[in-house]
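Novice: give me a 3D structure for the following:
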Amino acid sequence: MMMKKLFELNPSLDRAALAEAFARDTRVQVRDFLTKETAEEIRSILQQATPWGLAMQADGSTFSGPQQILPHEMRATEGQQRAQLIGEATQAAAARGEYAFRFLQYPILQAVQEGWDPGGPHEVLLEYVNSPDFIGLAREITGEELVKADGQATCFAKQQFLGRHIDSHVMEGWKVAYVMNFTIDDWHPDWGGYLQFLNEEGDIVQGFRPRFNSLNLFRVPQSHSVSFVAPFAPLGRYCITGWLRDR
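Specialist: Presented below is the predicted three-dimensional model:
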């Protein structure tokens, strides 16, 4: 399909100030990181042209490792039953203080590797995330020798969350986590879905609202979570997330 430009960095970013903030805090939120037109186009793809599956995990249960229910499985009764079973396990694990998560997912890298939609918009998005322009921006802000990125689309719907963890896969080349936010224009603080950073005592030391067209970058490993999305929140905490790697 013919597509207009899908990913264009905002030329007005103060990269020096962003690099200074990252060096000081090991994390930064870059607001209006894309041009408004391309950010709105990506949001439209996530809202209207993404077949969502589920990503879940419930430590201390049968589902201790990452669990996927792929988009085509979500349409089958068996997949829906499995989603309910694992969802109940995530609730129980979180209640025990175990690591757990559940959110809507479209695994872009996996989709590209397995040829789900050759040449489709998600494949194009992953190419942009790995382009010299974006990798160069991330290198300039973080000071890391980054060479590539993976990626997934996520949507945190009502009663979905990501428990506290640290992203410790340094042996796989993970250096910096990224979160591109494409939520609705005015995400209310009461709706949850914040990217939160915690100290060793479990206190929240910083939180980023999922502002539309913002890019969160943070060095890993460090303790973080995504807060529970309220039952009254609208569907709309759309993101593209992943890890920037040095190999």
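Novice: hey, let's count contacts and neighbours off CA atoms from now on
Specialist: Will do.
Novice: please enumerate the strands of this protein.
Specialist: Using DSSP state E, the strands of the chain run over 27-31, 53-58, 67-69, 100-106, 148-149, 152-156, 161-165, 174-181, 195-198, 204-208, 214-219, 224-226, 237-245.
Novice: is it possible to get JSON lines of those that adds mean neighbour count, mean pLDDT and distance to residue 88?
Specialist: Below are these laid out as JSON lines (neighbours: other Cα atoms under 10 Å; pLDDT from 0 to 100; distance: least, Cα to Cα, whole Å):
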{"stretch": "strand 27-31", "mean neighbour count": "21", "mean pLDDT": "98", "distance to residue 88": "33"}
{"stretch": "strand 53-58", "mean neighbour count": "24", "mean pLDDT": "98", "distance to residue 88": "9"}
{"stretch": "strand 67-69", "mean neighbour count": "18", "mean pLDDT": "98", "distance to residue 88": "13"}
{"stretch": "strand 100-106", "mean neighbour count": "25", "mean pLDDT": "98", "distance to residue 88": "10"}
{"stretch": "strand 148-149", "mean neighbour count": "22", "mean pLDDT": "97", "distance to residue 88": "32"}
{"stretch": "strand 152-156", "mean neighbour count": "23", "mean pLDDT": "98", "distance to residue 88": "17"}
{"stretch": "strand 161-165", "mean neighbour count": "21", "mean pLDDT": "97", "distance to residue 88": "13"}
{"stretch": "strand 174-181", "mean neighbour count": "24", "mean pLDDT": "97", "distance to residue 88": "27"}
{"stretch": "strand 195-198", "mean neighbour count": "19", "mean pLDDT": "98", "distance to residue 88": "23"}
{"stretch": "strand 204-208", "mean neighbour count": "14", "mean pLDDT": "98", "distance to residue 88": "27"}
{"stretch": "strand 214-219", "mean neighbour count": "22", "mean pLDDT": "98", "distance to residue 88": "30"}
{"stretch": "strand 224-226", "mean neighbour count": "22", "mean pLDDT": "98", "distance to residue 88": "19"}
{"stretch": "strand 237-245", "mean neighbour count": "24", "mean pLDDT": "97", "distance to residue 88": "22"}
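Novice: tell me where this structure is predicted with low confidence.
Specialist: Scanning the chain for pLDDT under 70 picks out 1-4, 169-171.
Novice: what about the helices in it?
Specialist: For the chain, the helices defined by DSSP state H cover 15-25, 36-48, 71-74, 77-95, 108-113, 121-129, 132-142.
Novice: adding mean neighbour count, write those out as JSON lines.
Specialist: As requested, those are arranged in JSON lines below (neighbours: other Cα atoms under 10 Å):
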{"stretch": "helix 15-25", "mean neighbour count": "15"}
{"stretch": "helix 36-48", "mean neighbour count": "17"}
{"stretch": "helix 71-74", "mean neighbour count": "16"}
{"stretch": "helix 77-95", "mean neighbour count": "17"}
{"stretch": "helix 108-113", "mean neighbour count": "16"}
{"stretch": "helix 121-129", "mean neighbour count": "19"}
{"stretch": "helix 132-142", "mean neighbour count": "18"}
